[in-house]
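Novice: structure of the sequence below:
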Amino acid sequence: MDRIHESLDQQAATRPEAQAVSDDGGTSWIYAGLNAACEALQAELTLAGVAPGDRVLIISENCAVAVAGLFACSRLGAVAVPINARQTWAELSRIIDHARPAAVLLTTAASSNAVAHADQLQAREIRGVFGVLHLATPFNSNPDDDRDVAVILYTTGTTGHPKGVMLTHANVLTAGKVSAGQRGMTPDDVVYGVLPITHVFGLASVVMAVMITGAQLRLEARFSPANLCKATQNGVTMLSAVPQMHALVMQYTKDQGFDALNSSTLRYVSSGAAPLDPAWKREAEAFYGVALQNGYGMTETTAGICVTMNEIGDPDISVGPTMKGVSIRIDTSVAGGGNGSGEVLVKGPMVMKGYYRNPEETTRTLSADGWLRTGDLGRVDEHGMLHILGRSKELIIHGGFNVYPPEVEAALNDHPQVIQTAVIGRVKDGDEQVLAFVQVAEGDKPDVAELRAFAAQFLAGYKRPSQIILATTLPAAPTGKILKHKLLETFATQLK
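Specialist: Here you go, the predicted structure:
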């Protein structure tokens, strides 16, 4: 396969009656049905004047027609630019100005946010075997000559300023194949798709892995602990999520009076986007009844860098060895480096082509010989396992000592009343303070002094937070990943 739509072509030709994708809006397609929806969308885009090399924004939340739109762009030779509909109009406008799309597809039947954006864009309704969508066109677009790029994903980034990551067809196909192989996926698997498919993990490690193996994908537009629990009792075999989602599901079942999920079909559960701590990992494995696999990746590497393949009960909290074809090295010369620790550099077939219309940032991030600077601090242990210490830009230097936020977060997360924690630094009086923002359940707020004492058992004095802020919610991206750059602004009135 050379282009991502060929994975769908293959399934539609060999297994047309097999279940392909369904969503919580009631759409359910076999592979022949998904193929028909893709062809109909391709025809609509062609009529709208979309040409090979054009960009097509797909503003959506998880739904079946967004999958059809992705492959319709590939068949046209256009570049799909998936955008989560929950972004604000201001955020979306910046992306439109930068991407210069020829057309914008909006999954208005699956998202009220997409409806609001369709009004702003004065989009027209289109109907077909794909259902109901809105299409905005024409825009002042110039096709790109480079036809290798399959998708452009705009990342939130640590600063809040998005960058367009260009992923090639080879990047995305490789990521899907490797992900499917690591998990031992088969056509009999039923994959729960709650991670946004507008983001790299959901798109590459979920959608593409499903299409390549011919498995079944069940999409959920928005994360709900109740819906996830229900799905695992109704045939789901594979679940990929982020720690924040796992924590909320475990809290939900606890509130319902259950200690374990008790699914008869679930065989694979993974976690990504944040480090694990041993106590939480043991708790999660007891809850799911299967091993919790950890992984590490980023948009610029089409999700995949490392992943574990541990047995249940394995105390390993690394992100595992490198995935097939991937190489890493550690640059110990950066701030926070030394003694084997440093910035993680990555090379391999899943590394991006570059940042769209941003050659300066591409040159800063990607070397001429293909090494990507991740911006993450890590170390490789004696078994070849990578341990992520945190973002290099998030390293806190307090009293001259390095403080890695994930270590402080893990200490607080072990408290039974804590759902999740985000730790950042703030410069004050010539030093950096350690600030902890702790999410707890409604009506279940622990005593801050008790939390301090609890964390003090695991943390040296210089690592202990100078202030702990309790909250029932923390600012987060649609993936569930905490947006640390928004913490100071969100809780400004509570900070001393």
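
Novice: what is the neighbour count of the nearest residue to Tyr252 once chain neighbours are set aside?
Specialist: Excluding its sequence neighbours, the residue lying closest to Tyr252 (CB to CB, 6 or more residues apart in numbering) is Pro225, at 3.5 Å. From N, CA and C alone the C-beta is placed, and that goes for glycine too. Neighbourhood size, Pro225 [other CB atoms under 10 Å]: 18.

Novice: what do you get for the one 10 residues further on?
Specialist: Residue neighbour count, defined by other CB under 10 Å, stands at 15 for Gly235.

Novice: repeat for Leu195
Specialist: 28.

Novice: just Ser74 next, same as before
Specialist: Applying other CB under 10 Å, we find 24 residues neighbouring Ser74.

Novice: from Ala114, how far off is it?
Specialist: Noted for Ser74: a distance of 21 Å to Ala114, by CB to CB, to the nearest Å.

Novice: what about the longest helix in this structure?
Specialist: Assignment by DSSP state H gives helix 31-47 as the longest helix of the chain.

Novice: mind listing what the residue nearest to Tyr252 touches?
Specialist: Pro225 sits next to Leu248, Val249, Gln251, Tyr252, Thr253 when contact means CB atoms under 8 Å, 6 or more residues apart in numbering.

Novice: so which residues of the stretch 151-300 of the chain form helices?
Specialist: With DSSP state H, counting those that start in this stretch, the ranges of helices along the stretch 151-300 of the chain come out as 169-183, 200, 209-213, 225-232, 243-255, 278-288.

Novice: just the pLDDT for Glu409.
Specialist: What the model reports for Glu409 is a pLDDT of 91.

Novice: where does it land in three-state SS?
Specialist: Secondary structure assignment for Glu409 (DSSP: H, G, I helix; E, B strand; the rest coil): helix.

Novice: try Ala90
Specialist: Here Ala90 is recorded as helix under three-state DSSP.

Novice: how close does it get to Pro82?
Specialist: 19 Å.

Novice: just want to know which of these two has more residues nearby.
Specialist: It is Pro82, of Ala90 and Pro82, that has more neighbours when counted by other CB under 10 Å, with 26 against 7.

Novice: what bridges to that one?
Specialist: Note on Pro82: beta-bridge partners Ile58, judged by DSSP bridges.

Novice: in contact with it, which residues are there?
Specialist: Leu57, Ile58, Ser60, Ala66, Leu70, Val151, Leu153, Ile197, Thr198, His199, Leu203.

Novice: do I have it right that the fifth one meets Val207?
Specialist: Just to be clear, that refers to Leu70. Yes. Leu70 is within contact range of Val207, at 7.3 Å (criterion: CB atoms under 8 Å).

Novice: overlap in contacts, the two.
Specialist: Listed as contacting both Leu70 and Val207 by CB under 8 Å, 6+ apart are Ile197.

Novice: remind me which residues of the protein are low pLDDT?
Specialist: Residues of the chain that meet the criterion pLDDT under 70 lie in 156-161, 273-275, 400, 430.

Novice: now with 50, please.
Specialist: 158-159 (pLDDT under 50).

Novice: endpoints of stretch 259-279, how far apart?
Specialist: Terminal residues of stretch 259-279 lie 15 Å apart, using CA to CA, to the nearest Å.

Novice: centre of the chain versus it, how much separation?
Specialist: Mean-position distance between stretch 259-279 and its chain equals 16 Å (CA atoms, centre = their mean, to the nearest Å).

Novice: cool, and stretch 227-241?
Specialist: With CA atoms, centre = their mean, you get 18 Å for stretch 227-241.

Novice: just the strands in the stretch 351-496 of the chain please.
Specialist: Counting by DSSP state E, counting those that start in this stretch, one finds strands in the stretch 351-496 of the chain at the ranges 354-355, 372-380, 386-391, 396-398, 401-403, 418-428, 431-440, 467-471.

Novice: got a list of what Ala175 touches?
Specialist: Listed by CB under 8 Å, 6+ apart, the contact set of Ala175 reads Ala204, Ser205, Met208, Thr302, Ala303, Gly304, Met350.

Novice: please read the previous query as pertaining to Tyr356.
Specialist: His98, Ala99, Ile152, Lys163, Gly164, Val165, Met166.

Novice: what about the closest residue to Glu442 other than its chain neighbours, neighbour count?
Specialist: Leaving aside its sequence neighbours, Glu442 sits nearest to Thr472 (CB to CB, 6+ apart; 5.4 Å). The tally of other residues near Thr472 (other CB under 10 Å) stands at 12.

Novice: same check on Gly370?
Specialist: 12.

Novice: you'd agree it is up against Met350?
Specialist: No. Taking contacts as CB under 8 Å, Gly370 lies outside contact range of Met350: 11.3 Å.

Novice: residues in contact with Gly176?
Specialist: By CB under 8 Å, 6+ apart, the neighbours of Gly176 are Ser7, Ala204, Ser205, Val207, Met208, Ala209, Met211, Ile212.

Novice: scan the residues you listed and report the most crowded one.
Specialist: For these, counting by other CB under 10 Å, the largest number of neighbours falls to Ala204: 31 neighbours.

Novice: ok, now how distant is the residue nearest to that one when sequence neighbours are not counted from Ile419?
Specialist: Of all residues not flanking Ala204 in the chain, Ala175 sits nearest, at 3.9 Å (CB to CB, 6+ apart). Using CB to CB, one gets 30 Å for the distance from Ala175 to Ile419.

Novice: kindly report the same for Ala492.
Specialist: With CB to CB as the criterion, Ala492 and Ile419 are 22 Å apart.

Novice: neighbour count winner among those two?
Specialist: Between Ala492 and Ile419, Ile419 has the larger neighbour count (other CB under 10 Å), namely 21 against 8.

Novice: beta-bridge partners for the residue nearest to the more buried one when sequence neighbours are not counted, please?
Specialist: Of all residues beyond its chain neighbours, the one nearest Ile419 is Gln439 (4.5 Å), with distances taken as CB to CB, 6+ apart. Assessed by DSSP bridges, Gln439 has beta-bridge partners Gln420, Ala471.
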